[in-house]
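Enquirer: Provided below for reference: sequence and predicted model.
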Amino acid sequence: MHPNGTHIHYYFVCWRKLWLFANGISMEHTSEVVADGKLLHETSYPQRADKYTEISIDGVKIDFYDAKNKVIHETKRSNSVEKAHEWQLKYYIYVLKKNGIDGVTGILEYPKLRITEEMVLSDEDIAYIEGIIPEIESIMIATTCPPRIKKGLCKSCAYFDFCWIEE
């Protein structure tokens, strides 16, 4: 099982969430936070759908790719898990590079915060990604779910009730 962008993101947020999602247990449809993020994604830059391309490659879906300038635009609700956002975007750049599309950069956007960050993929980033892919895959195919780890993010997670039902 090869990881997609969501798997990469969840690897940096919570291995339990990664395992649950990879094993078909999806709670995102019940989350107000996820719904708010989707609405933000659809309404923050309404002209994007006309200007940029949505592409799917190697199991990765990139919503806004500016093919002319080779820029991926990734919009996020908040920067509370910024490291996960950065690596998800770098993974998208990595996948394009592995498929012969060189020179791609990314822009990570937080419209509510009025923050944008440019992302590039270094040789060190490539080595790091290639090192974590086997870890992610092993979590995804494990026969048991990783233990829950209480984090500050848990209360806003779509899986909160699933993980903490008896508490």
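Expert: Sure thing, it's come through.
Enquirer: use CA for all of it now, contacts and neighbours both
Expert: Noted.
Enquirer: Next, the distance between the ends of stretch 67-77.
Expert: Start-to-end span of stretch 67-77 (CA to CA, to the nearest Å) is 24 Å.
Enquirer: That stretch: which residues count as buried?
Expert: K70, V71, I72, H73, E74, T75, K76, R77 (16 or more other CA atoms under 10 Å).
Enquirer: ok, now stretch 89-103?
Expert: Neighbour counts over stretch 89-103 (16+ other CA under 10 Å) mark L89, K90, Y91, Y92, I93, Y94, V95, L96 as buried.
Enquirer: what about the longest helix along the chain, distance to the chain center?
Expert: When the chain is parsed with DSSP state H, its longest helix is helix 123-141. The gap between where helix 123-141 is centred and where its chain is centred comes out at 14 Å by CA atoms, centre = their mean, to the nearest Å.
Enquirer: before we move on, back to that, quickly name whichever of the buried residues of stretch 89-103 is closest to T144.
Expert: Within the buried residues of stretch 89-103, the smallest distance to T144 is 26.0 Å, found for Y91 (CA to CA).
Enquirer: right, and the closest one touches Y128 too?
Expert: No - applying CA atoms under 8 Å, one finds Y91 not in contact with Y128, separated by 10.3 Å.
Enquirer: re earlier: check which helices and strands the longest helix of the chain sits against.
Expert: Identification of packing neighbours for helix 123-141 by 3 or more CA pairs under 8 Å, 6 or more residues apart in numbering; DSSP states H and E yields helix 5-13, helix 15-22, helix 82-98.
Enquirer: Which one, of the ones you listed, ends up nearest to T144?
Expert: Closest approach to T144 among these (CA to CA): helix 15-22, 8.5 Å.
Enquirer: So which bits of that closest one are buried?
Expert: Within helix 15-22, the residues scored as buried using 16+ other CA under 10 Å are W15, R16, K17, L18, W19, L20, F21, A22.
Enquirer: Isn't the second one up against A142?
Expert: Right, the one you point to is R16. No - with contacts counted by CA under 8 Å, R16 stays clear of A142, the gap being 10.9 Å.
Enquirer: Residue ranges in this structure under the pLDDT threshold?
Expert: For the chain, applying pLDDT under 70 flags the ranges 28-51, 166-167.
Enquirer: ok, 50 please
Expert: Applying pLDDT under 50 to the chain picks out residues 30-31, 33-37, 39-41.
Enquirer: about what we covered before: tilt between the longest helix of the chain and helix 5-13?
Expert: Relative orientation of helix 123-141 and helix 5-13, computed by axes from the mean of the first three to the mean of the last three CA atoms, to 10 degrees: 90 degrees.
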